[in-house]
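J.: Sequence first, then the predicted structure, then my questions.
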Amino acid sequence: MTGSGGRGSDRAMEAMILAGGMGTRLRPVLGEKQKVIAEIDGRPFLGHLLDRLADAGAERTVLCTGFKADDVESVLGMEHRGMSLLYSREEAPMGTGGAVRKALDEIHGETFFVLNGDSFCDVNLRALLEHHRMREAQATLTLVRVSDTARFGRVEQSAQGAIMAFVEKGVSAGPGWINAGVYCLERGAVLGLPPGCVLSLEREVFPTWIGRGFHGYCCDGGFLDIGTPESHAAAAGFFAGLRSENP
């Protein structure tokens with residue numbers, strides 16, 4: 001993993017959202033609709049993620065699209081609350097790592113966020129960025145604690161917060177820390193990925209970054225993954241709960 005050069009805080013805050021998945025497990029609920037723009041709590045799910053980025057001061061967000069890309073762009077348009085929206089479309093599935101590598105051309109600065117488009121973590125993005133910079137990390141992974149890691153897989157850290165290992169889904173049950181789908185990355189780290197290749201961040205990229213400036217950021221906020229019919233059905237209640245906690 002190569003260095004990034006400088007990390008000037010005067011750069012505009014930028015982000016990517018991974019929004020190209022097919023949502024196969026949600027077909028019984030959504031049919032052919034792209035899950036990231038399906039309405040939850042009266043608005044497209046991605047609207048909740050974009051609000052979080054706008055609240056943090058992000059000025060540019062790149063939507064990494066694939067499945068139903070035209071629908072995503074039609075619903076979201078080119079701006080959200082004054083934040084510019086750009087699109088990086090894959091013509092064939094490239095995986096989460098391949099999508100991030102492809103969209104890097106749309107990122108101007110050295111440090112940026114990446115968010116999974118089918119999950120939401122109630123994390124303070126500015127605090128995450130500060131944590132990332134203080135540790136001079138190349139990549140920082142937001143972690144949340146859940147009562148059972150079997151569905152998600154477990155992430156293990158050192159006492160100093162360095163990522164040490166990833167335990168596959170179903171291998172280890174019980175309480176623990178999981179990947180919350182919110183990352184802070186350096187351009188130099190992503191440039192090390194081969195362009196134009198199908199890659200999974202979770203399975204193929206992150207394990208190779210262990211020991212190379214890869215840190216965790218533990219968050220005690222709520223977490224929602226809309227990837228199953230059951231979790232999708234619970235999403236409206238999740239956001240209603242957030243509103244009641246932060247009126």
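T.: Happy to help now that I have it. Numbering: from 1, shown residues only.

J.: Now residue 46. Its backbone dihedrals?
T.: phi -60, psi -20 (degrees, to the nearest 10).

J.: Burial check on the nearest residue to it once chain neighbours are set aside, number of neighbours?
T.: Nearest residue to residue 46, sequence neighbours excluded (C-beta to C-beta, 6 or more residues apart in numbering): residue 36, at 4.9 Å. The way it works is simple: take the backbone N, C-alpha and C, and place the C-beta from them, glycine included. Here the count is done by other C-beta atoms under 10 Å, and residue 36 has 28 residues near it.

J.: same thing with the one 4 residues further on?
T.: If you count neighbours by other C-beta under 10 Å, residue 40 ends up with 22.

J.: Can you pull the poorly scored residue ranges out of the protein?
T.: Across the chain, the ranges flagged by pLDDT under 70 are 1-10, 247.

J.: quick one: the strands in it?
T.: Using DSSP state E, the strands assigned to the chain run over residues 14-19, 39-40, 43-44, 60-65, 79-80, 83-89, 111-116, 119-121, 139-146, 154-157, 163-167, 176-186, 214-219, 223-225.

J.: Nearest to residue 204, out of those strands?
T.: Smallest distance to residue 204 across those (C-beta to C-beta): 11.1 Å, for strand 163-167.

J.: partner strands of the closest one, parallel or antiparallel?
T.: Partner strands for strand 163-167, per DSSP bridges, with pairing direction: strand 154-157 (antiparallel).

J.: Export the partner strand to CSV, keeping only CA atoms.
T.: Extracted in CSV, the C-alpha atoms of strand 154-157 (Å, rounded to 0.1, in the frame of the first residue of the first chain):
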residue,chain,number,x,y,z
ARG,A,154,-16.3,-10.8,12.6
VAL,A,155,-13.5,-8.2,12.5
GLU,A,156,-10.6,-8.5,15.0
GLN,A,157,-8.4,-5.6,16.2
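
J.: Quick check: nearest residue in space to residue 194, chain neighbours excluded?
T.: Counting by C-beta to C-beta, 6+ apart, the residue nearest residue 194 is residue 101, at 7.4 Å.

J.: is it true that the one you found touches residue 199?
T.: Yes - using C-beta atoms under 8 Å, residue 101 is in contact with residue 199, at 7.0 Å.
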